[in-house]
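Engineer: sequence first, predicted coordinates after that:
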Amino acid sequence: GEMTQERLLNAGAEPQNWIHHHGNYAATRYSTLDKINTENVGDLKMAWSFALGGVEGGGIWPHGGLEGTPIVEDGAMYITDGWGSVYKLDISDGSGKLIWKMNPETDKDWAGAVACCGVNNRGVALWKDKVISHTLDGRLIATDKETGEVAWEREVADPSISETITGAPLIVGDLAITGVAGAEYGIRGWLAATDLNTEEEVWRRHTIPQPGEPGADTWADDHDAWKNGGGSTWVTGSYDPETNLIIWGVGNPGPDWDAEYRPGDNLYTNSAIALKADTGEIVWHHQYTPNDPYDYDSVSEHVLVNAPIDGDEHKLALHADRNGFGYALDRETGEFIWGTPFVEELTWTPGLDEETGLPLNYDRTKKVQTYAQGTVANRENPVGVTCPGNMGGKNWPPTAYNPDLKRWYIPVIESCNTITNEEMVPGESYKPREWFTGGGPSQHQPITGSVAAIDVSTGKIVGKYPTDYPLLGGILTTAGGLVFTGTPDGKLLALDADTLELKWQFHTNAGLNAPPMTYEVDGKQYIAILVGLGGAWPKWFVDGTKGLEKIEPSSMLYVFEL
Ligand SMILES: O=C(O)c1cc(C(=O)O)c2c(n1)C(=O)C(=O)c1cc(C(=O)O)[nH]c1-2
Ligand SMILES: [Ca+2]
């Protein structure tokens, strides 16, 4: 069939399918399928697997990885590898056979040389009779669903100034919304909407205001720092049909670790922004870490849920930030409702202001924030140690919300790290296609992980399942009372959603770096996950995770059944 806006709005009416990147517009990654449940999950076994390509390297990367969420529609599955090839599989008879592969011939060295954090592609979207996808080298591609032929493509991001694309598109009506990556190379971030009928751009909203625009006064330097101010949008946002608002997380300011280069709060970096879907006009924002000196990129999804708080029903946007706090905002106004640390160690601030949600040690009279002593690397004290480390808290891997239990599950990175500052010089340090970070990280202690569960009505942590390695893949939760997640040392785990007790695990012995999802064919439920450790880990963080250097590159899909 054709993918319509009607179907996208009512994804819950076809639970056998998985038609959105995050499961639905609200980004809950919750499925009402319950044939696999706490009673029988112990009998889950592998059904079939499929080998993808895309493992070859390019630019600064020795190999590709898999971070995508499969899309399933009526007996067909659509998956991507890191270089943006799209594979359509026939999954209608309990196995998976390739129907077609669309290879976009991504310019691997050109794009891979300016991809900060891996050869990443997080998946496709469906619109009418087309599959909509991105490539690392900046293209939006519409592929004919039946034939696998490319119908058209357009260059949305420009790798000559280090703009790349790693996120999946978001479809709202006839628009495909594209987010950009490149804040470690001095880009000026944006979201762009392409009309899929006319193949033309309808709006492009920069996440860093230029002089004269609202928020421009939060760039208080005298050398146009806003032009290279970062603020990427590399994780797919959510959409609230009631208000017609797209809610999207914005990444770190640039340069990452030389905050003195960019005095001011640096809007809209490290913020949630809500934009009118038709025009891209920013209606509200909430900034999580003003003048961020830590690389606490806030790109993660916002999960739109309704929950009672103190007896009143609230319309919330939930967000787990790299800064270590989980937040609930009012999704219609952006107003702060609650914030809770979800990591074991959080040293950069003593907490959040109950009214504003700002860090307690944020000082509005200062242009350059100092936060907790010793945690910031700056020009005077060039070495800082902070928890969570710059990978987070929680990085891009998506959370999941279970409405039966009103619980929200966060894939946690338990980490601290050391940052060294390097002073960036106006007019000299920024060069197109070169790093513009103002310093760099190193790992002085082991990095582990956990699944944290938060009761959304109270904002309190109600359980934690610790893991030996950080969680780099994301979470699925189901009406079967289960939470699924993968670990980078290769285990797919099923936990009891209520108690977080381990109910089942399967060793792939390859790195899980992608979110699990579920679907049904002929009344039979399956769990699927892409397997292939890539992303930022192999280059940046392997020092803090002894053992992961033994995980070989791979590029597989695994599917499980009872
Ligand atoms: O600021 C950016 O533009 C940007 C992009 C990406 C990306 O596109 O994957 C990552 C990051 N930053 C980043 O800071 C980061 O830690 C990171 C981890 C990963 C990954 O896939 O494992 N990507 C990215
Ligand atoms: Ca970043």
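Structural biologist: Sure, I can see it. On a predicted model such as this, the values are computed, not experimentally measured, just so you know. Ligands and ions are numbered 1, 2, ... in the order given.

Engineer: got the residues of this structure near ligand 2?
Structural biologist: Proximity of the chain to ligand 2, by CB under 5 Å from the ion, involves residues 183, 251-252, 297. For every residue, glycine as well, the C-beta is placed using N, CA and C.

Engineer: ends of stretch 115-123, what's the gap?
Structural biologist: 17 Å (CA to CA, to the nearest Å).

Engineer: filter the residues of the chain next to ligand 2 down to the ones near ligand 1?
Structural biologist: 183, 251-252, 297 (CB under 6 Å from any ligand atom).

Engineer: which one of the residues you listed is nearest to residue 435?
Structural biologist: Among these, residue 183 lies closest to residue 435 (CB to CB), at 11.0 Å.

Engineer: can you give me the neighbour number for the closest residue to the closest one other than its chain neighbours?
Structural biologist: Among residues not flanking residue 183 along the chain, residue 230 sits closest, at 3.4 Å (CB to CB, 6 or more residues apart in numbering). By the criterion of other CB atoms under 10 Å, residue 230 has 32 neighbours.

Engineer: phi and psi next, for residue 230.
Structural biologist: phi 80, psi -130 (degrees, to the nearest 10).

Engineer: residue in the stretch 51-200 of the chain nearest to ligand 2?
Structural biologist: Using CB to the ion, the point where the stretch 51-200 of the chain gets nearest to ligand 2 is residue 183, with a distance of 4.7 Å.

Engineer: what count of nearby residues applies to that residue?
Structural biologist: Neighbours around residue 183, by other CB under 10 Å: 33.

Engineer: residue contacts, it?
Structural biologist: By CB atoms under 8 Å, 6 or more residues apart in numbering, residue 183 lies in contact with 116, 189, 230-232, 251-254, 256, 269, 297.

Engineer: same thing but at 7 Å, please
Structural biologist: The contact partners of residue 183, by CB atoms under 7 Å, 6 or more residues apart in numbering, come to 189, 230-232, 251-252, 254.

Engineer: rewinding a little: from residue 130, how far off is the residue nearest to residue 183?
Structural biologist: Distance, residue 230 to residue 130, by CB to CB, to the nearest Å: 32 Å.

Engineer: so what pairs up with residue 439 in the strands?
Structural biologist: Beta-bridge partners for residue 439, by DSSP bridges, are residue 421.

Engineer: my guess is it contacts residue 420. True?
Structural biologist: Yes: if you go by CB atoms under 7 Å, residue 439 and residue 420 touch, sitting 5.1 Å apart.

Engineer: show me what counts as buried in stretch 74-93.
Structural biologist: By 16 or more other CB atoms under 10 Å, the buried positions in stretch 74-93 come out as 76-89, 91.

Engineer: now the two most distant members of those.
Structural biologist: Maximum distance among those (CB to CB): 22.7 Å, for 83 and 91.

Engineer: just the buried ones from the contacts of residue 183, in PyMOL syntax?
Structural biologist: The buried residues among these can be selected in PyMOL (16+ other CB under 10 Å) with this line:
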select buried, resi 189+230+231+232+251+252+254
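
Engineer: nearest to ligand 1, of the contacts of residue 183?
Structural biologist: Closest approach to ligand 1 among the contacts of residue 183 (CB to the nearest ligand atom): residue 232, at 3.2 Å.

Engineer: could you check the pLDDT of the closest one?
Structural biologist: We have a pLDDT of 98 for residue 232.

Engineer: is it correct that residue 538 falls within a strand?
Structural biologist: No: secondary structure assignment places residue 538 outside any strand; it is helix (DSSP: H, G, I helix; E, B strand; the rest coil).

Engineer: helix/strand/coil for residue 409?
Structural biologist: From three-state DSSP, the assignment for residue 409 is strand.

Engineer: touching, residue 128 and residue 3? I think so.
Structural biologist: Yes: at 6.0 Å, residue 128 counts as touching residue 3 under the criterion of CB under 7 Å.

Engineer: who has more neighbours out of the two?
Structural biologist: Set side by side, residue 128 and residue 3 show more neighbours around residue 3, with 21 against 16, by other CB under 10 Å.

Engineer: neighbouring strands for the helix or strand containing residue 246, and are they parallel or not?
Structural biologist: Assessed by DSSP states H and E, residue 246 sits inside strand 245-249. The pairing partners recorded for strand 245-249 under DSSP bridges are strand 238-240 (antiparallel), strand 271-276 (antiparallel).

Engineer: okay if I get the ones you listed as TSV plus mean pLDDT, mean neighbour count and distance to ligand 1?
Structural biologist: Putting the strands paired with strand 245-249 into TSV (pLDDT from 0 to 100; neighbours: other CB atoms under 10 Å; distance: least, CB to the nearest ligand atom, whole Å) gives the following:
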stretch	mean pLDDT	mean neighbour count	distance to ligand 1
strand 238-240	98	24	18
strand 271-276	98	23	14
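
Engineer: what touches both of residue 439 and residue 420?
Structural biologist: Shared contacts of residue 439 and residue 420 (CB under 7 Å, 6+ apart): residue 377.

Engineer: for stretch 336-345, measure first residue to last.
Structural biologist: Start-to-end, stretch 336-345 (CA to CA) is 23 Å.

Engineer: please name the nearest non-neighbouring residue to the residue of the stretch 451-562 of the chain found nearest ligand 2.
Structural biologist: Nearest residue of the stretch 451-562 of the chain to ligand 2: residue 536, at 9.0 Å (CB to the ion). Excluding the flanking residues, the one nearest residue 536 by CB to CB, 6+ apart is residue 117, at 3.7 Å.

Engineer: the one you found: what secondary structure?
Structural biologist: coil.

Engineer: for residue 263, what are its contacts?
Structural biologist: Neighbours of residue 263 in contact, by CB under 7 Å, 6+ apart: 220-221, 367-368.

Engineer: in ChimeraX, select just the buried ones from those.
Structural biologist: To isolate the buried ones among the contacts of residue 263 in ChimeraX, judged by 16+ other CB under 10 Å, type:
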select :368
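
Engineer: contacting residues for residue 541?
Structural biologist: For residue 541, the contacting residues are 391, 443, 447, by CB under 7 Å, 6+ apart.

Engineer: got JSON lines for these, with neighbour count, pLDDT and secondary structure too?
Structural biologist: Converted to JSON lines, the contacts of residue 541 look like this (neighbours: other CB atoms under 10 Å; pLDDT from 0 to 100; DSSP: H, G, I helix; E, B strand; the rest coil):
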{"residue": "391", "neighbour count": "25", "pLDDT": "93", "secondary structure": "coil"}
{"residue": "443", "neighbour count": "18", "pLDDT": "89", "secondary structure": "coil"}
{"residue": "447", "neighbour count": "23", "pLDDT": "97", "secondary structure": "coil"}
